[in-house]
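Undergrad: make a model of this:
(chains A and B)
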Amino acid sequence: MKRITIDPITRLEGHGRIEIFLDDSGAVENCYFQIPELRGFEKFCEGRPAEEVPQIVSRICGV
Amino acid sequence: MSKLKLASYWAAACGGCDVAILDINEKIIDLANVADIVFWPLAVDFKYADVEAYADGYIDVCLFHGAIRNSEGEHIAKLLRQKSKVLVAFGSCAIAGGIPGLANFKRRDDILDRVYIQSDSTQNPERVFPVTRYQVLEGELELPEFYKEVKCLADVVDVDYFMPGCPPTATQVWAVIQVIASGNLPPKGAFVGCSNKTMCDECEREKTEKKVKKFYRPHEIMVDPKKCLLEQGLTCMGPVTRAGCGNQCTSANLPCRGCYGPVDGVIDQGAKYISALASVVDADTPEEADRIISEIVDPAGTFYRYGLPGSLLRRAK
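TA: Model (predicted):
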């Protein structure tokens, strides 16, 4: 079984990797998309004043 | 002279620093005259394998954005350090943790639980969490290790220069690129694309004697557009923040949140700000001082908004 790794995927915001597995004939057996990045805005915005949140979450994606 | 080989990379970042580079607009053509891009995931399709194949020191200048959040960030930081003659910590995240560094107020397991179990858009009854190694029918998949805490770039590799801002302004980006292209590099460890004065030094708002009787949230007052924001009772970080952004927030009646970090010689921006506040609070009794200070909402998350991992505190316990 052959394995093709596309790492990183590019020209977008964020981190991603694609793993493609080919069978013996060269056809795609399976494909996995992975996101190796987590920052945790869901959690660290807790406790911040509501009026500050727009400035914080604008850093989820600056693109 | 041959063209510079330039790389730009993001670890735990938002891409805003990359866009700040693109914001030099038509000067990007001039950039192409002096530099070849050899790695830049936002804009160009090079892979990690390409970087691994470069000789050590092949890259002349690497602009590294983002904090070190997981093992991949650390691995790529070390790879790019090895392949780069000059490594620049570019932006608040790489220098001091930035906004992703706010995660150091939280525990690792609480972050994972909030994201993968509690979030409203998630259905995960089997409580599946990311693992570093996962066996699928076809082989093994890997994910980076999510660290206990956010680190700064300089915590994991040797850094040559620091360029602050969230993001650094486009005019400063262009100025620094010109300096790099000229070959007249500043001394190692220098902060570039900024001033060593404070925001207050460059702020044109009227300043008188600071006597704060009450701290306000923005919706609680009508802000006078001419007067010092701190004197009006807004927690503006200008007194302890490095200038260089062009006072963008204060020009829009928003208090500075400190993204350019402290000036040279100050090791903890938040502590410096607490010291500054102590000198402006106008209290006649200790009880009144307590009341005034206690009206500041989320002091830790405000005073360490962009730099908790790079501060003396580093993280909440």
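
Undergrad: identify all contacting residues around the strand or helix carrying residue B:19.
TA: Secondary structure assignment for residue B:19, by DSSP states H and E: helix B:16-22. Under the contact criterion CB atoms under 8 Å, 6 or more residues apart in numbering or on different chains, helix B:16-22 has outside partners A:59, A:62-63, B:8, B:10, B:28, B:40, B:42-43, B:63, B:65-66, B:90-91, B:93, B:165-170, B:173. (Glycine included, C-beta is placed from N, CA and C.)

Undergrad: repeat that for stretch B:241-250.
TA: The contact list for stretch B:241-250 (CB under 8 Å, 6+ apart) reads B:164-165, B:168-169, B:171-172, B:191, B:193-199, B:201-205, B:229, B:236, B:238, B:255-263, B:269.

Undergrad: filter the contacts of helix B:16-22 down to the buried ones.
TA: Buried subset of the contacts of helix B:16-22 (neighbour count, 16 or more other CB atoms under 10 Å in any protein chain shown): A:59, A:62, B:8, B:10, B:40, B:42, B:63, B:65-66, B:90-91, B:93, B:165-170, B:173.

Undergrad: so which of those residues sit within helices?
TA: If you go by DSSP state H, the buried ones among the contacts of helix B:16-22 have B:93, B:170, B:173 in helices.

Undergrad: distance of the last one relative to chain A?
TA: Going back to what we said before, that points to residue B:173. Distance, residue B:173 to chain A, using CB to the nearest CB, to the nearest Å: 14 Å.

Undergrad: for the one residue in chain A that gets nearest to chain B, what are its contacts?
TA: Proximity of chain A to chain B (CB to the nearest CB) peaks at residue A:62, 2.3 Å away. Applying CB under 8 Å, 6+ apart to residue A:62 gives the contacts A:13, B:13, B:14, B:15, B:16, B:17, B:18, B:19, B:167.

Undergrad: what sits closest to residue B:157 if chain neighbours are left out?
TA: Leaving aside its sequence neighbours, residue B:157 sits nearest to residue B:81 (CB to CB, 6 or more residues apart in numbering or on different chains; 4.1 Å).

Undergrad: stretch B:190-207 spans what distance, first to last residue?
TA: For stretch B:190-207, the first-to-last residue distance is 31 Å (CA to CA, to the nearest Å).

Undergrad: so residue 36: helix, strand or coil?
TA: By default, I'm working from chain A. Put simply, residue A:36 is coil when judged by DSSP: H, G, I helix; E, B strand; the rest coil.

Undergrad: actually chain B
TA: What three-state DSSP gives for residue B:36 is strand.

Undergrad: can you get me a residue count around it?
TA: Look at residue B:36: counted by other CB atoms under 10 Å in any protein chain shown, it has 12 neighbours.

Undergrad: against chain A, how distant is it?
TA: The gap separating residue B:36 from chain A is 17 Å, by CB to the nearest CB.

Undergrad: then residue B:75?
TA: According to CB to the nearest CB, residue B:75 and chain A sit 11 Å apart.

Undergrad: doesn't that residue lie inside a helix?
TA: Yes: per three-state DSSP, residue B:75 lies within a helix segment.

Undergrad: check what pLDDT it gets.
TA: Note for residue B:75: predicted pLDDT of 98.

Undergrad: cool, residue B:32 as well?
TA: 89.

Undergrad: could you do residue B:43 as well?
TA: Residue B:43 carries a pLDDT value of 93.

Undergrad: which residue is the nearest non-sequential neighbour of it?
TA: residue A:11 (6.5 Å).
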